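Peer 1: any chance you could fold what I've pasted below:
(one chain, ligands or ions: 1)
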Amino acid sequence: MSSNTRLLAVGLAGTGLGFLLSRILGGSAPKVEGKSKGSKPLAPKTLLGGVELGGTSICVTIAEDTPTNVIFQQVVQTTTPAETLPQVVKIFEERKVAALGIASFGPVDLNTDSKTYGYITATPKEKWRYADVVGRFRHLGIPLAFQTDVNAPALAEVRYGQHGPVSSLAYVTVGTGVGVGIVIDGKCVTGILHPEGGHIRVSKLSSDDFAGCCPFHGDCLEGLCAAGALGKRLKCDPSELKSLPEDHKLWDLVAYYLAQLCATLALIASPEVIVLGGGVLKHKGLFPKIRAEFKASLKGYLQVKKMLDDVDHYIVPSIFNESGKQTTAGAVGALTLAYDVLQ
Ligand SMILES: [Zn+2]
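Peer 2: Below is the predicted model:
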């Protein structure tokens, strides 16, 4: 969804016109390509709720019957949990949904046996540290599902991203941070925590003397390549990156590091597709550079045709991020969590 359209939806939120507009916005959702294994159609007119909780804004969506049939969308600005979450809760108090999926920035506690299940945990965003997110919605009395804001879009991509009949996929977002979500055999990967692939260490270019800016690791991938790091490298505001020419040497460096993440994902998780999204990846010129560096990094070790001869279909942008599409992979991902919890 473009920022202008989002603002329009916010301005009209809560009005009949807002709901009508939201129905129109929903019309551009990608068509359904597949379903999870063994999934059953929901009863007609079942409403699904989705919350994509981001560091700067929260996208609230309602879909009918299937996660891609979005009929309502509203954006709430993220400030503090006490101020922001009640606004989101109110939307679902006023509109009856059968289940709710929440895809949140992290780190989050996904362990249902934990006392802090449903919380955001040790986030650098101080006001959100140990914020109970899921607990705010329990009084609705509906099934709730909680995931990271990168695992959920990975789930949306594997089902509805038009990547063919795949069951495994990695979703990488490069913006304020670097996030990695992984789906294997149709399910989000979680373990003792959840994937935190943005903080892997990469082999630095000898010509790169930037110390990195991750508060934990300095020159981890996120510390080298997230929008804030790129802004620091160029001594500019990250918002100015969008006007940086495609042939700027910075993009070669970014491609070199992101290709290492892609190679690491291929070596460890063996996904059938790697989807790259986020603000930095709006520079489409990055894709051919990343693919070339990916192949150079692996040196033909993985003898997989798709990686060797068809890498254009192995490392791909998200169709949800194409211009004209109003529904993000994160929003559809949150709705997919709600859909699955009703199965
Ligand atoms: Zn780090």
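
Peer 1: alpha carbons only for contacts and neighbour counts from here, please
Peer 2: OK.

Peer 1: so how far is stretch 191-204 from its chain's centroid?
Peer 2: Put simply, stretch 191-204 sits 16 Å off its chain's centre (Cα atoms, centre = their mean, to the nearest Å).

Peer 1: just give me how far stretch 204-223 sits from the chain centre.
Peer 2: Chain-centre distance of stretch 204-223: 23 Å, with Cα atoms, centre = their mean.

Peer 1: try stretch 141-154
Peer 2: That offset, for stretch 141-154, works out to 11 Å (Cα atoms, centre = their mean).

Peer 1: end-to-end on that stretch?
Peer 2: The first and final residues of stretch 141-154 sit 27 Å from each other (Cα to Cα, to the nearest Å).

Peer 1: same check, this time on stretch 292-311
Peer 2: Using Cα to Cα, the end-to-end distance of stretch 292-311 comes to 9 Å.

Peer 1: again with stretch 48-67
Peer 2: With Cα to Cα, one end of stretch 48-67 sits 7 Å from the other.

Peer 1: got the residue ranges for the strands in the stretch 151-300 of the chain?
Peer 2: Ranges of strands within the stretch 151-300 of the chain are 169-174, 178-184, 187-188, 274-277, based on DSSP state E, counting those that start in this stretch.

Peer 1: any idea which of those is most buried?
Peer 2: Of all the strands of the stretch 151-300 of the chain, strand 169-174 carries the top mean neighbour count, a mean of 27, counting by mean count of other Cα atoms under 10 Å.

Peer 1: between that one and strand 178-184, how many degrees?
Peer 2: 170 degrees (axes from the mean of the first three to the mean of the last three Cα atoms, to 10 degrees).

Peer 1: ok, and what's touching strand 169-174?
Peer 2: Strand 169-174 is contacted by residues 150-151, 153-154, 157-158, 178-184, 225-227, 265, 271-281 when judged by Cα atoms under 8 Å, 6 or more residues apart in numbering.

Peer 1: sheet-wise, list the partners of that strand with their directions.
Peer 2: With DSSP bridges as the test, strand 169-174 is paired with strand 178-184 (antiparallel), strand 274-277 (parallel).

Peer 1: pull out the buried residues from stretch 221-240.
Peer 2: Within stretch 221-240, the residues scored as buried using 16 or more other Cα atoms under 10 Å are 221-231, 233, 238.

Peer 1: please apply the same query to stretch 328-343.
Peer 2: For stretch 328-343, a neighbour-count test (16+ other Cα under 10 Å) marks 328-340, 342 as buried.

Peer 1: nearest to the ion, out of these: which one, please.
Peer 2: Proximity of those to the ion (Cα to the ion) peaks at residue 330, which lies at 22.5 Å.

Peer 1: hmm, residue 148 and the closest one touching each other?
Peer 2: No. Between residue 330 and residue 148 there is no contact under Cα atoms under 8 Å: 9.5 Å.

Peer 1: intersection of neighbour lists for the two?
Peer 2: Shared contacts of residue 330 and residue 148, defined by Cα under 8 Å, 6+ apart, comprise residue 103.

Peer 1: coming back round to it: the ion: which of the strands paired with strand 169-174 is closest?
Peer 2: That would be strand 178-184 among these, by Cα to the ion, at 9.2 Å.

Peer 1: before we move on, the earlier item: can you list the buried residues of stretch 221-240 in CSV and add pLDDT and distance to residue 99?
Peer 2: Listed next are these as CSV, based on pLDDT from 0 to 100; distance: Cα to Cα, whole Å:
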residue, pLDDT, distance to residue 99
221, 98, 36
222, 96, 34
223, 97, 37
224, 98, 39
225, 97, 37
226, 96, 34
227, 96, 34
228, 95, 36
229, 97, 38
230, 97, 39
231, 97, 40
233, 97, 44
238, 94, 37
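
Peer 1: and the ion, which of those reach it?
Peer 2: Taking Cα under 5 Å from the ion as the test, the ion is in contact with none of the buried residues of stretch 221-240.

Peer 1: and the two most separated of the residues you listed?
Peer 2: The span of the buried residues of stretch 221-240, defined through Cα to Cα, is set by 221 and 238 at 16.6 Å.

Peer 1: okay, and the beta partners of residue 277?
Peer 2: Beta bridges link residue 277 to residue 173 when assigned by DSSP bridges.

Peer 1: that one contacts residue 317, doesn't it?
Peer 2: Yes. Counting by Cα under 8 Å, residue 277 does reach residue 317; the two are 6.1 Å apart.

Peer 1: and the protein, which of its residues are near the ion?
Peer 2: Within the chain, the positions lying close to the ion (Cα under 5 Å from the ion) are 199, 214, 217, 220.

Peer 1: show the buried residues in these.
Peer 2: Applying 16+ other Cα under 10 Å to the residues of the chain next to the ion flags 199, 214, 220 as buried.

Peer 1: so can I have JSON lines of these showing pLDDT?
Peer 2: Converted to JSON lines, those look like this (pLDDT from 0 to 100):
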{"residue": "199", "pLDDT": "95"}
{"residue": "214", "pLDDT": "93"}
{"residue": "220", "pLDDT": "97"}
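
Peer 1: the protein: helices as residue ranges?
Peer 2: With helices called from DSSP state H, the chain shows them at 3-11, 16-26, 81-94, 151-160, 221-225, 227-234, 249-268, 286-298, 305-308, 329-341.
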